[in-house]
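# Dropping a prediction and its sequence here:
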Amino acid sequence: MGNNPLASVTSVRIGVRAASRLTLRTTPVEKKSDIVHHQETPAPQCLRHSARLCRFLLLAVSGDRCHAGQYWCALIFDLHSHTTCSDGALTPRELVSRAAEKNVDTLAITDHDTVEAFCDVPVIDGPLHLIAGIEFSTHWEHTGIHVLGLNIDLYSDAIRSGTKFQTDARLERARRIGQNLEKQGIENAFEGASALSGGSYIGRPHFARYLINTGTAASMEVAFKKYLGAGKAGDVREHWAELPQIIQWIREANGIPVLAHPLKYKLTRTKLKRLVDGFIHAGGQGIEVVSGQQLPQHTLDMAMLCEEKGLLASCGSDFHMPGPWNELGVFAPLPDHVIPVWDRF
């Protein structure tokens, strides 16, 4: 609570508030339940990000009576992050620790096509809330897209089936990339990338690291430009599950399907709307309105699309590694007029 003079008093979280109103009460109350009988006044403009505000009841004990006041605190929901179980740089334990350091209140781990990270998360001793998630890969009209599954049942048959299908598809793709690189005189690329991955997830970043380690490429940028980018040896089409199947897996696992970072697909406005319509038709329920550090106009644009299509709004850093661009919890708040996806958690 920073420099708030009430920081030393006991704080009890009483829930997320949907309306952007600030409640003030200065008269004594006999018990905490009395706090519901009060008059409301508008919140300051700087605090009217209702989707990210939580009300705290501050109780200052004086003798046998309580004096109650209200304190508004902006909560950070980061619902898109990755670990070493897919293409992230931090282990699940390191990610959770960093999220706590960055004052993230609710974190979703959403590794690509796997939930292995949840086998290694520590017992959280503190205010951080962890949401079970996944980021499924699929395609739409020859464009690769990603769908987040938030608040899923990790032990559901649907998630087990989905992750197995995607893992098999990714493994086959990795083998084909290795074969293509071998034809260009780069030996043992598949084995090298597999060793660097440390698990069942093998992606092009692992091949890039192998190329750097063997002196074949000087940097990640060079590795993708010469070997792994569009039209190169690593440009192997994935055989992911279809979009309706992806959404079905998520919903059968009691999760919420969210279209991830829609602006990254570089679609025209007309195509983006068709993608969103197809996503909704297949059972999609949310869209990532805020993805990392994006332009304010992009946030407003995605919020308008979200509201127009009647979708839930999500936000996240899409964190992969420590750095200035996609740091945990560092992104704009959701606009007021959208419905946050965590309202359905």
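Alright, I've got the coordinates.
# Okay, now the unreliable bits of this structure?
Under the criterion pLDDT under 70, the flagged ranges of the chain are 1-73, 199-200.
# which secondary structure elements does the helix ranked longest in it contact?
Assignment by DSSP state H gives helix 157-183 as the longest helix of the chain. Under the contact definition 3 or more CB pairs under 8 Å, 6 or more residues apart in numbering; DSSP states H and E, helix 157-183 sits against strand 129-140, helix 189-197, helix 204-213, helix 243-252. C-beta coordinates here come from the backbone N, C-alpha and C atoms, glycine included.
# Same list (those) but as CSV, adding distance to residue 90.
Formatted as CSV, these follow (distance: least, CB to CB, whole Å):
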stretch, distance to residue 90
strand 129-140, 15
helix 189-197, 15
helix 204-213, 14
helix 243-252, 25
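# Present these as TSV; the columns should include distance to residue 327 and mean neighbour count.
Shown next, in TSV, are the helices and strands packed on helix 157-183 (distance: least, CB to CB, whole Å; neighbours: other CB atoms under 10 Å):
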stretch	distance to residue 327	mean neighbour count
strand 129-140	18	21
helix 189-197	24	19
helix 204-213	19	21
helix 243-252	27	22
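# three-state assignment of residue 314?
Three-state call for residue 314 (DSSP: H, G, I helix; E, B strand; the rest coil): strand.
# who's it bridged to?
Beta bridges link residue 314 to residue 288, judged by DSSP bridges.
# List the residues that contact it.
Taking CB atoms under 8 Å, 6 or more residues apart in numbering as the criterion, residue 314 is in contact with 79-80, 148, 150, 258, 286-290, 340-341.
# Same question for residue 313.
So residue 313 contacts 51, 286-287, 289, 303, 306, 334, 338-341 (CB under 8 Å, 6+ apart).
# Could you look up the SS state of the nearest residue to it once chain neighbours are set aside?
Leaving aside its chain neighbours, residue 313 sits nearest to residue 338 (3.7 Å; criterion: CB to CB, 6 or more residues apart in numbering). When classified by three-state DSSP, residue 338 comes out as coil.
# Contacts only, for residue 338.
Contacts of residue 338 by CB under 8 Å, 6+ apart are 51, 289, 303, 306-307, 312-313.
# and with 10 Å instead?
Residue 338 makes contacts with 50-51, 286-287, 289-290, 302-304, 306-307, 311-315, as judged by CB atoms under 10 Å, 6 or more residues apart in numbering.
# So which of those residues wins on neighbours?
Among the contacts of residue 338, residue 289 has the most neighbours (other CB atoms under 10 Å), with 31 neighbours.
# what ranges do the strands span in this protein?
Counting by DSSP state E, the chain has strands at residues 10-16, 21-23, 28-29, 40-42, 53-62, 65-74, 77-78, 106-109, 129-140, 143-150, 256-259, 286-291, 312-316.
# before we move on, the earlier item: closest to residue 135 out of the contacts of residue 314?
Nearest to residue 135 among the contacts of residue 314, counting by CB to CB, is residue 148 at 5.4 Å.
# Tell me how far the closest one lies from residue 116.
For residue 148, the distance to residue 116 equals 17 Å [CB to CB, to the nearest Å].
# more neighbours, the two?
Ranked by neighbour count (other CB under 10 Å), residue 148 and residue 116 place residue 148 first, with 28 against 18.
# what's the closest non-adjacent residue to the residue nearest the centre of the chain?
Of all residues in the chain, the one closest to the mean position by CA atoms, centre = their mean is residue 80, 1.3 Å from it. Take residue 80 and drop its neighbours on the chain: the residue closest to it by CB to CB, 6+ apart is residue 316, 2.7 Å away.
# who's in contact with the one you found?
Residue 316 makes contact with 77-81, 107-108, 110, 133, 135, 148, 150, 258, 260-261, 288-292, 326, 328-329, 331 under the criterion CB under 10 Å, 6+ apart.
# can we see that at 6 Å?
78-80 (CB atoms under 6 Å, 6 or more residues apart in numbering).
# Distance to residue 225 added to the residues you listed, as JSON lines?
Formatted as JSON lines, the contacts of residue 316 follow (distance: CB to CB, whole Å):
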{"residue": "78", "distance to residue 225": "31"}
{"residue": "79", "distance to residue 225": "32"}
{"residue": "80", "distance to residue 225": "27"}
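# didn't residue 303 look like it was pressed against residue 290?
No: the pair formed by residue 303 and residue 290 falls short of the contact definition of CB atoms under 6 Å, at 8.6 Å.
# shared neighbours of the two, anything?
Counting by CB under 6 Å, 6+ apart, nothing touches both residue 303 and residue 290.
# list the contacts for residue 149?
Taking CB under 6 Å, 6+ apart as the test, what residue 149 contacts is 134, 250, 255.
# Dump those residues into a markdown table; add distance to residue 184 as well.
Formatted as a markdown table, those follow (distance: CB to CB, whole Å):
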| residue | distance to residue 184 |
| --- | --- |
| 134 | 34 |
| 250 | 38 |
| 255 | 41 |
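# ok, those residues vs residue 121, which is closest?
residue 134 (14.0 Å).
# Bridged to the residue lying closest to that closest one once chain neighbours are set aside, which residues?
Leaving aside its sequence neighbours, residue 134 sits nearest to residue 149 (CB to CB, 6+ apart; 4.6 Å). Under the criterion DSSP bridges, residue 149 forms beta bridges with residue 134, residue 257.
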